[in-house]
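> here is my input, please return the structure:
(one chain, ligands or ions: 1)
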Amino acid sequence: MGESSLGVYVHYPYCARHCPYCDFNVAVARAIPHDDYRDAVIAELRVRAPDFAGRPPAVSLYFGGGTPGLWPAGHIGAVIDAVDATLGLAADAEVTVEANPEDVTPATAPALRAVGVNRISLGVQSFDDALLRRLGRMHTGDGARRAVDALRAGGLEDVNLDLMHGEAGQTLAGALADVHAAVALAPTHVSTYQLTIEPQTAFGARARRGEALLVEDDQLSVMYGAVRAALRGGGLEPYEISNAARPGREARHNTLYWTDGEYLGLGAGAHGYVHRGAGAERWSNARAAKRYMAAALSGRPAEASREAIDAEGRLEDRVLCGLRLDRGLAVDPTLDARFGPTARRLADQGLLAGLPDRWRATDRGRAILDRVILELVTG
Ligand code: SF4
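Residues are numbered from 1 along each chain as shown. Coordinates of the predicted model:
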């Protein structure tokens, strides 16, 4: 994995309803234009594919959202086939679809497997029904369990569960109960996110009115440490700030982002990243689904931004992303020449370890990771 690896991300922006804490690029449509959206994504793929000519086949294809589990399996299959036909998909490529528990039926896994999906990421968040209601979620804890059982019964064994912690009404015991409930379902991967309050959301409005929606910071860091320890105790080794996996089941897709891999982002609001010599280029698409579709179907994807990254900026990004991983980043002569003296000083302070071959944050460094990264890149 790493610099020579390519992944494809497909953003599917539609959801059945808008969760009050979510600021993702989401549209709630009475009638989702499934066909037009499929055609737009495939049209964009054909326009952007030449940027990635000559690369090895993609190692990952990730359908995120939004709720791509709402897209008929045949439409997902059409995109998979188009990616394979243009860029190539590695024989062992990770092909993931995000879904919500309430959308999973006994037919889900067989239909997705038949079109080439081999991994599901399920938006569970919690198994506590009261917390799920406060988060505006539509499923229950038992519903999440039934969804995992249905996926397994349908032959999809590679399952990630998303969990959330830090909502004001949640206790440490509650957060740990969620981890234990998740571990009991034997997922291959668990992502644990802290609830954050985004200004443009319903939760953001409530916070502005003075409501306390998050646990206190000191409780949050205790919760975070306990959640990681409980995951480790359950056989899911934390390998990144928010992610833990069974051995060999680390998410290939996200690992691409953290290791300077290239990715082609398709869909409304999607981001792409391509190497340009020692530098790189990053772009994003227009967020509004209708505008995105109209532009993509006309053969000219609507870009919201495009940014050139020089060699120095790309090096900084490698440090910023690589230190999120528990294993840290492999040090090469270019990195060492640019950041080595500061890295050695941070190691002397007990914040980095693994030198000279790797730079990885110690437990102390991880607790103040933003500061460590800032110091490393600014010297
Ligand atoms: S289902 Fe997921 S993407 Fe959709 S609004 Fe809720 S949190 Fe956001």
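
> contacts and neighbour counts: CA atoms only from here.
OK.

> show the contacting residues for Asp39.
Leu297 (Cα atoms under 8 Å, 6 or more residues apart in numbering).

> quick thing: my sequence starts at 844, can you match it?
I'll keep to 844 as the first residue from here, and by that count the last item is Asp882.

> and it, what pLDDT?
As predicted, Asp882 sits at a pLDDT of 98.

> now Ser847
63.

> would you mind listing what in this protein touches the ligand?
Within the chain, the positions adjacent to the ligand are Cys858, His861, Cys862, Cys865, Phe867, Gly908, Gly909, Thr910 by Cα under 6 Å from any ligand atom.

> which residue in these has the weakest pLDDT?
Where pLDDT dips furthest among these: Phe867, at 91.

> okay, now it: neighbour count?
15 (other Cα atoms under 10 Å).

> do Glu1080 as well
22.

> which strand residues bridge it?
Ala1088 (DSSP bridges).

> so what's it up against?
Leu1074, Ala1087, Ala1088, Arg1089, Pro1090 are the contacts of Glu1080 under Cα under 8 Å, 6+ apart.

> for Val1058, what are its contacts?
Contacts of Val1058 (Cα under 8 Å, 6+ apart): Gly1009, Glu1010, Ala1011, Gly1012, Gln1013.

> just Leu1038 next, same as before
Counted by Cα under 8 Å, 6+ apart, Leu1038 has contacts Tyr864, Met1007, His1008, Gly1009, Glu1010, Leu1057.

> mind putting those into JSON lines with distance to Arg1187 and secondary structure?
Below are those laid out as JSON lines (distance: Cα to Cα, whole Å; DSSP: H, G, I helix; E, B strand; the rest coil):
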{"residue": "Tyr864", "distance to Arg1187": "40", "secondary structure": "coil"}
{"residue": "Met1007", "distance to Arg1187": "35", "secondary structure": "strand"}
{"residue": "His1008", "distance to Arg1187": "35", "secondary structure": "strand"}
{"residue": "Gly1009", "distance to Arg1187": "35", "secondary structure": "coil"}
{"residue": "Glu1010", "distance to Arg1187": "38", "secondary structure": "strand"}
{"residue": "Leu1057", "distance to Arg1187": "37", "secondary structure": "strand"}
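
> wait, which of those residues is closest to Leu932?
When the contacts of Leu1038 are compared for distance to Leu932 (Cα to Cα), Met1007 wins out at 31.9 Å.

> out of the contacts of Leu1038, who has the most neighbours?
These, ranked by neighbours (other Cα under 10 Å): first place His1008, 27 neighbours.

> for it, list each beta-bridge partner.
Gln1037.

> related to what we said a few turns ago, of the contacts of Glu1080, which count as buried by neighbour count?
Listed as buried from the contacts of Glu1080 are Leu1074, Ala1087, Ala1088, Arg1089; burial here means 16 or more other Cα atoms under 10 Å.

> what about the first one, which helix or strand?
To tie it back to what came earlier, the one meant is Leu1074. Per DSSP states H and E, Leu1074 falls inside helix 1060-1076.

> which stretches in the stretch 944-1093 of the chain count as strands?
962-968, 1002-1008, 1032-1037, 1080-1083, 1086-1088 (DSSP state E, counting those that start in this stretch).

> what packs against the shortest one?
Strand 1086-1088 makes packing contacts with strand 1032-1037, helix 1060-1076, strand 1080-1083 when contacts are defined by 3 or more Cα pairs under 8 Å, 6 or more residues apart in numbering; DSSP states H and E.

> swap the cut-off to 7 Å and go again
Counting contacts by 3 or more Cα pairs under 7 Å, 6 or more residues apart in numbering; DSSP states H and E, strand 1086-1088 is packed against strand 1032-1037, strand 1080-1083.

> then Tyr1100 would be within a strand, right?
No - the assignment for Tyr1100 (DSSP: H, G, I helix; E, B strand; the rest coil) gives helix, which keeps it out of a strand.

> for it, give its distance to the ligand.
20 Å (Cα to the nearest ligand atom, to the nearest Å).

> then Thr1205?
32 Å.

> so who does the nearest residue to Arg1075 once chain neighbours are set aside touch?
Of all residues not flanking Arg1075 in the chain, Pro1081 sits nearest, at 6.5 Å (Cα to Cα, 6 or more residues apart in numbering). Shown in contact with Pro1081 (Cα atoms under 7 Å, 6 or more residues apart in numbering): Arg1071, Arg1075, Ala1087, Ala1088.

> ok so, going back, now, which of the contacts of Val1058 sits nearest the ligand?
Glu1010 (14.3 Å; Cα to the nearest ligand atom).

> which ones are touching the nearest residue to the closest one once chain neighbours are set aside?
Once flanking residues are discounted, Glu1010 sits nearest to Leu1057: 4.7 Å by Cα to Cα, 6+ apart. Going by Cα under 7 Å, 6+ apart, Leu1057 touches Gly1009, Glu1010, Ala1011.
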